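[1] Provided below are the primary sequence and the corresponding predicted coordinates.
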Amino acid sequence: MAVHWNGPSALPEFSLKGLAGHLVRATGSVKAYLDRDEPEGEAISTAAYYAAAVDVSDIASPLHVAVRERGEEQAAGGLQALLLQHGSEIDHLRLRLAGEPEGRRIRVFKDLVLLLDDYLVTRIIELTVHTDDLAVSVGLPTPEFPAAATALAIEALVDVAILRNGDLAVLRALTRRERDEVEALRVL
């Protein structure tokens, strides 16, 4: 990856280092949100979070530009520093998450409230999707993910597709490509 560090990634407008920084931010955000006071109010689902927080229509939108900029900032210290930081964050989360109570709510991006377990599914999605993006970007095979992780990611992403497009559109996307007028399964 070091050879490609300053080059483009497989994602439009995303450099390799920016994508790597974005991937590390996926774990760092958990700690940041856990450090806040637990919010009141009803928690939304993982699918509702993605439907509310992620706009897939325009990679030039201010949201997507800011995501790329934060990834670049995260990776500014170079590959080795980013890897050390990621390892440290993973070690911290292993301990921290073990002590969190069942049903813990957190306030996340756009002031949305999720159960910690549901927010962790969003992190699994980010980690699996962007690990694949990184592997493709540098011409390496995508690592095999734990089956439980991919099952959670797929289930949540299908739920996002249903929430955005409805049951019939998702059924057609899965079975009748010629009738998939809205690309119902494209959620990220």
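    It's in. Numbers count the residues shown, from 1 in each chain.
[2] Could you use CA atoms for every contact and neighbour count after this?
    Fine.
[3] Verify the contact between residue 109 and residue 52 for me.
    No - counting by CA atoms under 8 Å, residue 109 sits too far from residue 52 to count as a contact (9.8 Å).
[4] and those two? which has more neighbours close in?
    residue 52 (14 against 11; other CA atoms under 10 Å).
[5] what does the strand or helix carrying that one rub up against?
    Residue 52 belongs to helix 46-53 when assigned by DSSP states H and E. The contact list for helix 46-53 (CA atoms under 8 Å, 6 or more residues apart in numbering) reads 109-110, 112, 114, 118-119, 121-122, 156-157, 159-160, 163-164.
[6] Could you list which of those belong to strands?
    Counting by DSSP state E, the members of the contacts of helix 46-53 that fall within strands are residue 114.
[7] how many neighbours does residue 100 have?
    Neighbours of residue 100 using other CA under 10 Å come to 11.
[8] what does residue 119 give?
    Residues near residue 119, counting by other CA under 10 Å, number 22.
[9] who touches it in this structure?
    Applying CA under 8 Å, 6+ apart, the residues contacting residue 119 are residue 46.
[10] how far away is it from residue 113?
    Residue 119 sits 9 Å away from residue 113, going by CA to CA, to the nearest Å.
[11] and the helix holding residue 52, which residues are buried?
    For helix 46-53, the neighbour count (16 or more other CA atoms under 10 Å) marks 46, 47, 48, 49, 50, 51 as buried.
[12] As a markdown table, the residues you listed with distance to residue 178 would be great.
    Output for those, formatted as a markdown table (distance: CA to CA, whole Å):
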| residue | distance to residue 178 |
| --- | --- |
| 46 | 29 |
| 47 | 26 |
| 48 | 28 |
| 49 | 29 |
| 50 | 26 |
| 51 | 25 |
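[13] Among those residues, which one sits closest to residue 75?
    Closest approach between these and residue 75, by CA to CA: residue 50, at 24.6 Å.
[14] Tell me how far that closest one lies from residue 176.
    Per CA to CA, residue 50 is found 25 Å from residue 176.
[15] Next, give phi and psi for residue 126.
    phi -60, psi -40 (degrees, to the nearest 10).
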